[in-house]
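Q: build the 3D model from these lines:
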Amino acid sequence: MSDISLSAGEDTANAKSIMGIMMLPELSRGASISDVSGDSGLKAGSQITVTVEGPDATAAMEALAELLSCGSRVEHCVESGCPSTAIFNGYTSDRIHYACSKGHEWSVSRKDASKAQAQPSLFSSRSAPIMSENARSISQEEIVELQMKFSEIKITINNLLAGMLALSEMSQRRPEFSEKLARTVLTKAPLIVSRLQEFTQALNEKAGPKIEAVQLQKKFSEIKHAINNALAVMMALSEMSQRRPDYSEKLASTVLTKAPQIVSSLHEFTQALNEKAGLHEFTQALNEKADPKPEAVPPNRESRMSLASLLSAEQIIPEMKATEGWSAIVELIDPLVNLGKIKTGDRESILASLKQREEMMSTGIGFGIAIPHASSDRIEEVVAAFGRSSHGIEFDALDNAPVKFVVLFIVPKNQIQNHLRVLASIAKFLNDRSVRESLATAKSADEILAIFQTRHKEHTSRTTSPVGGVLGRHFRRIFGLGGGEEK
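A: Predicted structure coming up:
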C-alpha cells in the first residue's frame, strides 16, 4: 500500500488525517493555532500538491486523478430559491453527486455539468402535486419515535463529552493527562459524528414529502453543521498537541468551551422536537412509552434505585479474579445468569450491549470505581451485581488508577430516565470516601451488603450528595443532576 500526502505551501499532511488536511490552508498562510476556527479547512480554489510513494503508487495516483477530476463543477444548490453551497457527495462512472446543508441532493453528468438531475425523493419541486394534510404532517407516533432515537443518541454523546470535559480539567492540573485527552478526542469525536449521521438517516426515513419533517431536517442539519465544526477544531488541536505538547493547554481550554456548546446544540434540537408535537402532549406520550412509572420501580422496592434495593448477597463478589475490565464484566454477569436474573439465552446479547458501551468510552470514572452499564430489551427490570478487587483491575479509568469497586447494571430498553437515575445514585453513593473505605475492609458478601443497606439510609436524606469528583461535575453539568464535591 502506498503512502499519500497532501501539501499546501510549506505544510504537509498525511492523506489519512482528515483534520491535518483541513488545517493545511490556514497554517500554510502563516496563521498560528490560536487563529484556528470552525471555518478552517481546504476551500474551493486551494492549490495542493499530491505525493504518492509505494509499490502501487501509479495505480493510486490514477485513482486520485479520477476522483479529483470530478472537481467542483457545481457551486450552488440547484433547488430553486436555495442559497446553500454545493457539497461534493461522491461519484459514479457517469455522474457526480452533490448535496447541500438544507438536505437537497442531486447529480450532474460528468460530461456536461449543466445537466443537473435532482433526486425527487429527497426534496420536493414547485410542481409537486397537492398533498393531503396527513401526507404533509408528521404523526405524533413518528415524533415520539424520533425523540426516542434522539434521546438515546444524545445520552451516548453526552457520556462521551463528559469524559472529554473531565480529562480536559484533569490535564490542566496534571499535564500527564494531556496525551490521554488528545487520544480520547481523536477516537471519540468520530463516534459522535457517526451517531449524528445515524439520526440523520432516521430523520430522512420519516421525511419524504412531509413539510414538518423537512423543517426538522433543516434544523438538525444546521445543528449538526455547528457540532461538526466544533469537533473539527477539537480534533485538529488533538493531532497537533500530539506533535507539539505546547498546544495541550489550548486543546484543554477548547474542549472545555466547545463541549458545552455541543450539549447546548443537542438541547436546542430536543426543544424543536418537542415543539412539533406540543410539549404537554409530547411529554405525556414519551413518558408512557419510554419510562412507564408503574413498571420502572416495582411497588415493593424503594422509589430510589439504590444498590441496597438492587443487590442480594448472591449478587456480590467480595474478591474478584479478573485483572482487566472486560473479564471483570463477564465475571459479574455470571451470577446474574445463575440466579435467573438474566436468561441463559440472553447472556451473549447483554454482553454485546455492555461491550458496545465500553468501546464507546471506559466506564471507569475514577477514585477506583467502574460502573459498566447498558440497556437491553432482554430484561424487564433493573438488574445489578457488585464486585470488589483488593489487587485492582485495569479499566482504562479516567484517572488511570486501578479499579477496586465494580458495579454492573442493566436497565430495560427505552427506560432512559430510569437509566440515568440508577447511574447517578450509584455514582453519588460510591463517591463518598468513607463508604469506599468501609467496603474495602468488609470480610464477606454479607458484610458488603450490610454496608449498602445501612449507609444508604444515611445518604437518602442528603440532597447534595456528589456524583464522582471531576467527572461528576461534568456529569451533573450535562445531565442536569444535583450534587457537590467528592468527599
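
Q: domain parsing for the chain?
A: The domain map for the chain lists 1-69, 76-125, 133-290, 296-479, with the assignment taken from automatic domain parsing.

Q: can you redo these as a markdown table with mean neighbour count and mean pLDDT?
A: C-beta here means a position set from N, CA and C on the backbone, and glycine is covered the same way. Output for the domains of the chain, formatted as a markdown table (neighbours: other C-beta atoms under 10 Å; pLDDT from 0 to 100):
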| stretch | mean neighbour count | mean pLDDT |
| --- | --- | --- |
| domain 1-69 | 14 | 66 |
| domain 76-125 | 15 | 64 |
| domain 133-290 | 18 | 81 |
| domain 296-479 | 18 | 83 |
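
Q: where along the protein do the strands fall?
A: Taking DSSP state E to define them, one finds strands in the chain at 3-8, 11-14, 49-53, 87-91, 95-99, 105-109, 116-118, 316-317, 364-366, 369-370, 373-376, 383-393, 403-412.

Q: which one is residue 409 nearest to, not counting chain neighbours?
A: Nearest non-adjacent residue to residue 409, counting by C-beta to C-beta, 6 or more residues apart in numbering: residue 384, 4.0 Å away.

Q: touching, that neighbour and residue 307? I think so.
A: Yes: contact status for residue 384 versus residue 307: in contact at 6.9 Å, counting by C-beta atoms under 8 Å.

Q: give me the common contacts of the two.
A: Residues within reach of residue 384 and of residue 307 at once, by C-beta atoms under 8 Å, 6 or more residues apart in numbering, are residue 407.

Q: ok, back up a step: identify whichever of the strands of the chain lies nearest to residue 244.
A: When the strands of the chain are compared for distance to residue 244 using C-beta to C-beta, the nearest one is strand 11-14, at 13.3 Å.

Q: let's see the closest one as CSV, backbone CA atoms only.
A: Included here for strand 11-14 are C-alpha records, laid out as CSV according to Å, rounded to 0.1, in the frame of the first residue of the first chain:
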residue,chain,number,x,y,z
ASP,A,11,3.0,22.3,5.2
THR,A,12,2.3,18.6,4.5
ALA,A,13,-0.4,16.3,5.9
ASN,A,14,-0.9,12.6,5.7
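
Q: show me what that strand pairs with in its sheet, parallel or antiparallel.
A: Under the criterion DSSP bridges, strand 11-14 sits next to strand 3-8 (antiparallel) in its sheet.

Q: with just CA atoms, put the partner strand into CSV.
A: Taking Å, rounded to 0.1, in the frame of the first residue of the first chain, the C-alpha atoms of strand 3-8 are listed here in CSV:
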residue,chain,number,x,y,z
ASP,A,3,1.7,6.4,1.4
ILE,A,4,-0.2,9.5,0.2
SER,A,5,0.4,13.1,1.4
LEU,A,6,-1.0,16.5,0.6
SER,A,7,1.0,19.7,0.7
ALA,A,8,0.0,23.3,0.7
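
Q: quick one: it to strand 49-53, angle?
A: Using axes from the mean of the first three to the mean of the last three C-alpha atoms, to 10 degrees, the direction of strand 3-8 lies 160 degrees away from that of strand 49-53.

Q: still on that earlier bit, switch the strands of the chain over to a markdown table; also include distance to residue 331.
A: As requested, the strands of the chain are exported to a markdown table (distance: least, C-beta to C-beta, whole Å):
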| stretch | distance to residue 331 |
| --- | --- |
| strand 3-8 | 44 |
| strand 11-14 | 41 |
| strand 49-53 | 48 |
| strand 87-91 | 46 |
| strand 95-99 | 48 |
| strand 105-109 | 49 |
| strand 116-118 | 57 |
| strand 316-317 | 7 |
| strand 364-366 | 16 |
| strand 369-370 | 12 |
| strand 373-376 | 16 |
| strand 383-393 | 7 |
| strand 403-412 | 9 |
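
Q: quick one: which of those is nearest residue 239?
A: Comparison of those against residue 239 by C-beta to C-beta identifies strand 11-14 as nearest, at 9.1 Å.

Q: could you measure the closest residue to residue 269 other than its chain neighbours against residue 195, distance?
A: Across the structure, with C-beta to C-beta, 6+ apart as the measure, the residue nearest residue 269 apart from its sequence neighbours is residue 223 (5.1 Å). Taken as C-beta to C-beta, to the nearest Å, the spacing of residue 223 relative to residue 195 amounts to 13 Å.
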